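A.B. asks: got a sequence here, can you build the structure:
(2 chains)
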There are 2 protein chains.
Amino acid sequence: MASETSMKEPALAAALRDLLGDRLSLSRAVREHHGKDESWHRPALPDMVVFPRTTEEVQQIVRLCAEHDTPITPFGAGTSLEGHVIPARGGVSMDMMQMNAVLEVNAEDLDCRVQPGVTRKQLNEYLRDTGLFFPIDPGADASIGGMTATRASGTNAVRYGTMRENVLALTVVLADGRIIRTAHRARKSSAGYDLTRLFVGSEGTLGIITEISLRLYGIPEAVSAAVVSFPDLEGAVNAVITTIQMGIPVARIELLDEVQMDACNRYSGMDYPVQPTLFLEFHGSEAGVKEQAETVGDICREFGAGDFRWTDRPEERSKLWAARHDAAYAALSLRPGAKAWATDVCVPISRLAECILETKADIAASNMLAPLVGHVGDGNFHLVFVLDPDNPEEVAEANRLNDRLVNRALAMDGTCTGEHGIGTGKMKFLQAEHGEALSVMRDLKKALDPRNLLNPGKIIDL
Amino acid sequence: MASETSMKEPALAAALRDLLGDRLSLSRAVREHHGKDESWHRPALPDMVVFPRTTEEVQQIVRLCAEHDTPITPFGAGTSLEGHVIPARGGVSMDMMQMNAVLEVNAEDLDCRVQPGVTRKQLNEYLRDTGLFFPIDPGADASIGGMTATRASGTNAVRYGTMRENVLALTVVLADGRIIRTAHRARKSSAGYDLTRLFVGSEGTLGIITEISLRLYGIPEAVSAAVVSFPDLEGAVNAVITTIQMGIPVARIELLDEVQMDACNRYSGMDYPVQPTLFLEFHGSEAGVKEQAETVGDICREFGAGDFRWTDRPEERSKLWAARHDAAYAALSLRPGAKAWATDVCVPISRLAECILETKADIAASNMLAPLVGHVGDGNFHLVFVLDPDNPEEVAEANRLNDRLVNRALAMDGTCTGEHGIGTGKMKFLQAEHGEALSVMRDLKKALDPRNLLNPGKIIDL
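C.D. replies: Presented below is the predicted three-dimensional model:
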């Protein structure tokens, strides 16, 4: 492979240099940065890195790479968790982060259009004076392009949905250089196939996303957050299930197990009980928030919880959610020098307690350090295996536990990943999850990228 | 064509007879029933009609038709409005209405699984004792399969979304006989391409839907409906726009213009002012509904409206929404013997007043009777041309007005259909709406139905 590509690259590199000038890099340091994500997956070096600034430049790069039979792997904030952005077969890493403009905000229509390198925090900063916000929050300050490509969700999804529900339209460059716009700005349409949803979650394997139109929301009149501890995990999960089943529109309802709470207390300087804990947030009118909070408080007490600890001031709330978002770093701090292998599954809410309790029993029977956190209102939870990736026994044990976790979720009519995506890490589970439907995904990949040049080796192995 | 098929049909009919017995019909009356929908589009006769009862039977029918190179057009309740179910190229009409079982209701997960011939009213009747309901309500008692295939929505979409948001998973029989399940029951997933959304809205052209999993919702604690009249259309539309922009979670917000109100008063025995009117419904807790209604009442008064006329009792509410759903029949009653040509567009909410007012001016400058109604909270509205389809001048005039309406919506970044779908009637607008993206839809059609046997002549002309 290396000898093959080394013959081709000088010509491709020269052509890209003509197009991009110093926005082409062959330097080892830049290539190394684009050879990894935040996961435990083994890095792989791209042969070169490009930094396009316009849809037309992306089109030209795609055409040049096609001429030279060279794969392209899009790269955003580098925060993927299953190896999505690792250029498994070398070639070109396309860094989208210089395409970082907010192109338009239509406040009166509650929508906006951004380039893929805009991060979610950047967008919310930009929106600050409009009274609007973009709620999807996967924790990391991911790029909107990356969040779209992985169908990300996060803490607010229980109320606001995932990227699936919140992307209105995309501009995409296809493998053959066609540029398409998948939809207009109408809130709904029955005009043909839903191309928007086809590209959301396609992880750069069907086309390269160069613009994203998003739904926005008014900042709620009232926001209130609370923390509540439970004597056991079962009570915490059952309180969540009851809340969801009653249709209470909680904005966030996050579970942290006692291992994770201990880590967060130490890492973020908090003093919460080392018990299974829910972090909650309520959005609405003053009266609506009060009503929601009272009802959920009653439910929690019914399942053995103590009182809510309220954090109503914005800065306290920020601290609380920063601690939640730092959960993986907190877990890592339990074992200096270790790496985090974050995995996630999602099951129907009625099976959530069973799935979590069996998973906890599995971990207890192992020697693995693996805190559990979750967007439990969606039936979605995470394990973070804290391990030494150079220790084959630890990796094998994490693999075994991960396999058991995924198979457990699938047996409960769930999915191998609720929000992290497939990348390379979850590919081995797709046949079990999708059966014959996987062959249809393969048909779609072949139809849109027959030469397998867009992020090859991810989701579908042609 | 006729001579070609007459050679083939005896063999296909014999094979289908072996499979289905008297659930194959060649009778003229049955074929005529399956040659039309509720639209003004010219009927076309299928050569035969089949009535499968299982996914496996659908698979066998698809395989037999493929062997005999014969197209299949799925048929549900027959309530489509753009000719979707008319077998444009003859062949087999596949009537799904004997597949009408509710297969499972998972009350604790707020979901269910149904066969495609279940109608929305049948489903809600079935759910009555569970405290749950399925909100999507396109007016007609359409089949869930048909609603899925056309990405239907209707009066409740402003709060609950469309079929796009409310279908969790599908079982689909593909053109080559493969049976796939597009997803499991988890509320969210990042596991590969979103096949569910690819088939929602594909109008039977990519596969035949044989099972649908749907989201359900708890019946709200409180429901309240109201009618409010405005001195002018602009005020009514601006009240809607303000309500949506403020993020008030109205469940229904429907506009009827003065022509439609006059028709509804006569047809449904009501006595509302013959003025532009909003029909509203609020869902929530007792306090929440009260709060929403007060805020919307203030907004309406600000735009010149009179007081709300409340209809809080369930039977009064039913009468109100029945009158709304009978709007097309009421329009028809204005001119006995005429036919209805119902068209719909959808625009960003900020352009809605402009779009509606220009459209009304267009109609006023024409001799066409065309009441206007709309799911205006989504930016979606309908014209019903009341015409004599055998009068070429009237048809030409309706065509002219419809073209102008669609081009107006597209120029405002809208869509040629918010919820009725493409069928044959809106195909001519797809190039203008989608541009190069239409070629991608064609690629998808070719990938999944290369011989063009599934509902040929709809959406995409291969």
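A.B. asks: buried residues in stretch A:95-114?
C.D. replies: A:95-97, A:99-100, A:102, A:105-106, A:109-114 (16 or more other CB atoms under 10 Å in any protein chain shown). Every C-beta, even on glycine, is put in place using the N, C-alpha and C of the backbone.
A.B. asks: now find how far off-centre that stretch is within its chain.
C.D. replies: 19 Å (CA atoms, centre = their mean, to the nearest Å).
A.B. asks: and what of stretch A:39-49?
C.D. replies: 19 Å.
A.B. asks: so for it, mean pLDDT?
C.D. replies: Across stretch A:39-49, the average pLDDT comes to 95.
A.B. asks: tell me where the stretch 51-200 of chain A has strands.
C.D. replies: Ranges of strands within the stretch 51-200 of chain A are A:72-75, A:92-95, A:102-106, A:111-114, A:132-133, A:167-173, A:179-181, based on DSSP state E, counting those that start in this stretch.
A.B. asks: so what strands line up beside the fourth one?
C.D. replies: Sheet neighbours of strand A:111-114, with direction, are listed as strand A:102-106 (antiparallel), strand A:208-215 (antiparallel) (DSSP bridges).
A.B. asks: nearest to A:R408, of those strands?
C.D. replies: Closest approach to A:R408 among the strands paired with strand A:111-114 is made by strand A:208-215 (33.1 Å; CB to CB).
A.B. asks: after that closest one, next one along is what?
C.D. replies: Sequence order places strand A:217-218 as the next helix or strand after strand A:208-215, per DSSP states H and E.
A.B. asks: quick one: the very next helix or strand once past that following strand near chain B?
C.D. replies: Next helix or strand after strand A:217-218 toward the C-terminus (DSSP H and E): strand A:222-229. No. With CB under 8 Å from any CB of the partner chain as the criterion, chain B is not reached by strand A:222-229; the gap is at least 12.0 Å.
A.B. asks: check which helices and strands the next helix or strand after strand A:222-229 sits against.
C.D. replies: For strand A:222-229, the following helix or strand on the C-terminal side (DSSP H and E) is helix A:233-245. On a contact count with 3 or more CB pairs under 8 Å, 6 or more residues apart in numbering or on different chains; DSSP states H and E, helix A:233-245 meets strand A:252-256, strand A:277-284, helix A:286-302, helix A:352-364.
A.B. asks: okay, these in JSON lines with distance to chain B next?
C.D. replies: Output for the helices and strands packed on helix A:233-245, formatted as JSON lines (distance: least, CB to the nearest CB, whole Å):
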{"stretch": "strand A:252-256", "distance to chain B": "13"}
{"stretch": "strand A:277-284", "distance to chain B": "8"}
{"stretch": "helix A:286-302", "distance to chain B": "6"}
{"stretch": "helix A:352-364", "distance to chain B": "10"}
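A.B. asks: take the ones you listed and lay them out in TSV including mean pLDDT and mean neighbour count.
C.D. replies: Converted to TSV, these look like this (pLDDT from 0 to 100; neighbours: other CB atoms under 10 Å in any protein chain shown):
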stretch	mean pLDDT	mean neighbour count
strand A:252-256	96	25
strand A:277-284	96	24
helix A:286-302	95	18
helix A:352-364	96	18
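A.B. asks: turn the ones you listed into TSV, columns for distance to A:V440.
C.D. replies: Below are those laid out as TSV (distance: least, CB to CB, whole Å):
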stretch	distance to A:V440
strand A:252-256	34
strand A:277-284	38
helix A:286-302	41
helix A:352-364	28
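A.B. asks: closest to B:E294 out of those?
C.D. replies: helix A:286-302 (11.1 Å).
A.B. asks: run the angle between that closest one and helix B:286-302 for me.
C.D. replies: 170 degrees (axes from the mean of the first three to the mean of the last three CA atoms, to 10 degrees).
A.B. asks: now do the contacts for the residue nearest the centre of chain A.
C.D. replies: Among the residues of chain A, the smallest C-alpha distance to the mean C-alpha position (CA atoms, centre = their mean) belongs to A:A152, namely 3.7 Å. Contact analysis of A:A152 by CB atoms under 8 Å, 6 or more residues apart in numbering or on different chains lists A:I136, A:P138, A:A142, A:G146, A:T162, A:M163, A:E419, A:G421, B:S190.
A.B. asks: quick check: closest non-adjacent residue to it.
C.D. replies: A:P138 (4.4 Å; CB to CB, 6 or more residues apart in numbering or on different chains).
A.B. asks: any idea of the pLDDT on that neighbour?
C.D. replies: So, for A:P138, pLDDT stands at 94.
A.B. asks: now do it against chain B, distance only.
C.D. replies: According to CB to the nearest CB, to the nearest Å, A:P138 and chain B sit 11 Å apart.
A.B. asks: okay, that residue and A:T205: tell me how far apart.
C.D. replies: From A:P138 across to A:T205, the span is 20 Å (CB to CB, to the nearest Å).
A.B. asks: more neighbours: the two, which one.
C.D. replies: A:T205 (30 against 24; other CB atoms under 10 Å in any protein chain shown).
A.B. asks: contacting residues for the more buried one?
C.D. replies: Contacts of A:T205 (CB under 8 Å, 6+ apart): A:K445, A:D449, A:L454, A:N455, A:P456, A:K458, A:I459, A:I460.
A.B. asks: could you redo the last one with a cut-off of 10 Å?
C.D. replies: A:73-74, A:84, A:149, A:175, A:199, A:422, A:441, A:444-445, A:448-449, A:452-460, A:462, B:192-193 (CB atoms under 10 Å, 6 or more residues apart in numbering or on different chains).
A.B. asks: go on, A:A14?
C.D. replies: A:L24.
A.B. asks: what's the domain layout of chain A?
C.D. replies: A:2-98, A:102-218, A:222-326, A:335-423 (automatic domain parsing).
A.B. asks: return the most buried member of those.
C.D. replies: The highest average neighbour count among the domains of chain A, using mean count of other CB atoms under 10 Å in any protein chain shown, belongs to domain A:102-218 at a mean of 23.
A.B. asks: what about that one, start to end distance?
C.D. replies: End-to-end distance for domain A:102-218, by CA to CA, to the nearest Å: 18 Å.
A.B. asks: what does stretch A:191-205 give?
C.D. replies: End to end - CA to CA - stretch A:191-205 spans 25 Å.
A.B. asks: state the distance from A:T155 to A:F230.
C.D. replies: 19 Å.
A.B. asks: swap in A:M99?
C.D. replies: 45 Å.
A.B. asks: could you do A:Q60 as well?
C.D. replies: 56 Å.
A.B. asks: got the contact list for the closest residue to A:A432 other than its chain neighbours?
C.D. replies: Using CB to CB, 6+ apart and skipping the chain neighbours, the partner closest in space to A:A432 is A:L410 (5.9 Å). Counting by CB under 10 Å, 6+ apart, A:L410 makes contact with A:V345, A:V347, A:C416, A:F429, A:A432, A:E433, B:H184, B:A186, B:A191.
A.B. asks: so the last one makes contact with A:L430?
C.D. replies: Yes. B:A191 lies in contact with A:L430 (CB atoms under 10 Å); the separation is 6.6 Å.
A.B. asks: related to what we said a few turns ago, and the residue nearest to the centre of chain A, how far from B:E32?
C.D. replies: On the measure of CB to CB, A:A152 and B:E32 end up 51 Å apart.
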